[in-house]
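# Test case, fold it:
(4 chains)
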2 protein chains.
Amino acid sequence: MDIADTAGAGARPGLRERKKQRTRDALLRAALELFATQGYEQTTVDEIAEAVDVSQRTFFRYFAGKEDVALFSQRIAESHFLAAVRERPPHEAPLEALRMAVLEGWDTIGEAVDAVVPIELHMRTFQLIESTPALLAVHLRRSAELEEEIARVIAEREGLDVDADPRPRVAVAVFGGVMRVTGRLWGAGEDSSVEAIRELTASYLDHVGPALAEKWRTE
Amino acid sequence: MDIADTAGAGARPGLRERKKQRTRDALLRAALELFATQGYEQTTVDEIAEAVDVSQRTFFRYFAGKEDVALFSQRIAESHFLAAVRERPPHEAPLEALRMAVLEGWDTIGEAVDAVVPIELHMRTFQLIESTPALLAVHLRRSAELEEEIARVIAEREGLDVDADPRPRVAVAVFGGVMRVTGRLWGAGEDSSVEAIRELTASYLDHVGPALAEKWRTE
DNA sequence: TTGTCAACTGTCAGTGGCTGTCACTAGCCT
DNA sequence: AGGCTAGTGACAGCCACTGACAGTTGACAA
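Next up is the predicted model:
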């Protein structure tokens, strides 16, 4: 038994492991920085690798592909949100739980992401994704996968079988639809702050009821 | 003035045009057939071109890329659905109009698509899209674009400004969310018939109300 | 009919994302 | 100290896609 093995959370991984972590980190930041300044398509993998002074081959050993780097911090945000949903008190109605989870997710996104990437860069990357067709496509597919997971969580909360009762998936799909619109609109807008998308989300969720009403005209 | 010019709808385009049409058609069918039998990723553009006996370069003159061919008949289906929405009587509530449009869209999908591709092949391709990550991603992005267009149509129906009132986009997003789930579930299931997805769609749309309810447990 | 023009096509060369292979270097562990 | 192996670079190769150029073939007028 070794000291490092007993050090618990503060365990210092070996030199090899630390080096790996540094390389992955450097690649990630270099990539996002390049994407943000030159655009995604205008940046080649060779450039990213060169900026970190490793071979292109090594880049592909750390990331599955160019898209993978671009969407890396998004993945963290996704699991952050998923965790928030799981922690919602069981007495809340499904849609209320989802609503609270996103809002709280946005409030605490900083702590979750900052360890890997500065939030400001994360948000700029989010905007980049919304305006880059190739990235948006993959992002949407992954969102669909996330929705499936969330649907299972909701079903469990309510003690239902996802495959037997359509409501979990429908509820999550409805919710996901609204999230997508807000993401798009936020990305197209000027204000790239976290607060901006948080408020937009809250506002749009409030309009789900009215949007489903039979008659929209009030007079 | 030429006979061909006066023949109206039955106008016979020149030989050159006919040849082009035949090539495009041959490429499309060859591609879909190959995709259906070997899978999308296992099929190279060279194979498709070779099957039609044209150069690879020519393939790219007809289609923007490999994805483009795979999603070609989908595009027709999309505009078919969009047209159906536009033709809905103005007295229907937004969500009702959307619901009717899809259902009617499925009922008449045959006439719309068959001119270019046999429906059976079209439906098989749809399933292929759902099970091929790269295609699904692009499909979802295009669906998002379609939603934007539909939101404008809905806004116009109701005499609203899309950018001022959130309801059109929210309503369409909700609807789109449900459509996506049904598409996914249908794709994962056994029955690849048009009727199957039509019924699934109708059923899931009926569950939007219940899914948004405060309490799901009835007892 | 013939000749000119423009559209369509094939060939070739090249870029960029991505993968397999293999030899070599450098942490790790005894 | 020395063997083991994870991690890396160099190289070769596949595939989607693009630009450039030259050859071919319908379209159209003289």
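
# OK, contacts around residue A:116?
Neighbouring residues of residue A:116 by C-beta atoms under 8 Å, 6 or more residues apart in numbering or on different chains: A:25, A:28, A:72, A:73, A:76. Where C-beta positions appear, they are placed from N, C-alpha and C, glycine not excepted.

# Quick check: the gap between it and residue B:145.
The spacing between residue A:116 and residue B:145, counted by C-beta to C-beta, to the nearest Å, is 31 Å.

# How about the residues of chain A by DNA strand C?
Within chain A, the positions near DNA strand C by C-beta under 7 Å from any atom of the strand are A:13-17, A:19, A:43-46, A:56-57, A:60, A:64-67.

# What about these, which are in helices?
Judged by DSSP state H, helices contain the following of these: A:15, A:16, A:17, A:19, A:45, A:46, A:56, A:57, A:60, A:66, A:67.

# Make a markdown table out of the residues you listed and add distance to DNA strand D.
Shown next, in a markdown table, are those (distance: C-beta to the nearest atom of the strand, whole Å):
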| residue | distance to DNA strand D |
| --- | --- |
| A:15 | 10 |
| A:16 | 5 |
| A:17 | 7 |
| A:19 | 6 |
| A:45 | 11 |
| A:46 | 11 |
| A:56 | 7 |
| A:57 | 4 |
| A:60 | 9 |
| A:66 | 14 |
| A:67 | 14 |
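
# what about burial for these, which qualify?
A:45, A:66, A:67 (16 or more other C-beta atoms under 10 Å in any protein chain shown).

# need the contact list for the last one.
Pointing back at residue A:67 there. Each residue near residue A:67 by C-beta under 8 Å, 6+ apart is listed here: A:134, A:135, A:138.

# Over to the first one?
If a contact means C-beta under 8 Å, 6+ apart, then residue A:45 has A:56, A:59, A:60, A:66 as its contacts.

# Closest residue of chain A to DNA strand D?
Evaluated by C-beta to the nearest atom of the strand, chain A has residue A:58 as its residue closest to DNA strand D, separated by 3.1 Å.

# Without its sequence neighbours, what residue ends up closest to that residue?
Once flanking residues are discounted, residue A:58 sits nearest to residue A:49: 6.7 Å by C-beta to C-beta, 6 or more residues apart in numbering or on different chains.

# for residue A:188, same thing?
Going by C-beta to C-beta, 6+ apart, residue A:188 has residue A:130 as its nearest residue, at 7.2 Å.

# So that neighbour sits against residue A:184, correct?
Yes: Residue A:130 lies in contact with residue A:184 (C-beta atoms under 8 Å); the separation is 6.2 Å.

# Let me know the pLDDT of residue A:7.
pLDDT, residue A:7: 37.

# same check, this time on residue A:219
49.

# who's in contact with the closest residue to chain B within chain A?
Closest residue of chain A to chain B, C-beta to the nearest C-beta: residue A:177 (3.1 Å). By C-beta under 8 Å, 6+ apart, the contact list for residue A:177 reads B:173, B:174, B:175, B:176, B:177, B:178, B:180.

# name the element it belongs to?
Using DSSP states H and E, residue A:177 sits within helix A:167-188.

# so does the next helix or strand after that helix get close to chain B?
Moving toward the C-terminus from helix A:167-188, the next helix or strand (DSSP H and E) is helix A:194-206. Yes: part of helix A:194-206 sits near chain B under the criterion C-beta under 8 Å from any C-beta of the partner chain, namely A:203, A:204.

# Quick check: mean pLDDT of helix A:194-206?
Mean per-residue pLDDT for helix A:194-206: 97.

# Stretch A:114-123 too?
The pLDDT scores in stretch A:114-123 average 95.

# and if you look at stretch A:49-69?
On average, stretch A:49-69 scores 98.

# residues of that stretch that come out buried?
Neighbour-count burial for stretch A:49-69 [16+ other C-beta under 10 Å]: A:49, A:51, A:52, A:54, A:59, A:62, A:63, A:66, A:67, A:69.

# try stretch A:34-45
Buried, per 16+ other C-beta under 10 Å, within stretch A:34-45: A:34, A:35, A:36, A:40, A:43, A:45.

# Which single one of those residues is nearest to residue A:121?
Set against residue A:121, the nearest of the buried residues of stretch A:34-45 by C-beta to C-beta is residue A:36 (6.9 Å).

# now that closest one, nearest residue through space, not along the chain?
With C-beta to C-beta, 6+ apart, the residue lying closest to residue A:36 is residue A:124, at 5.2 Å.
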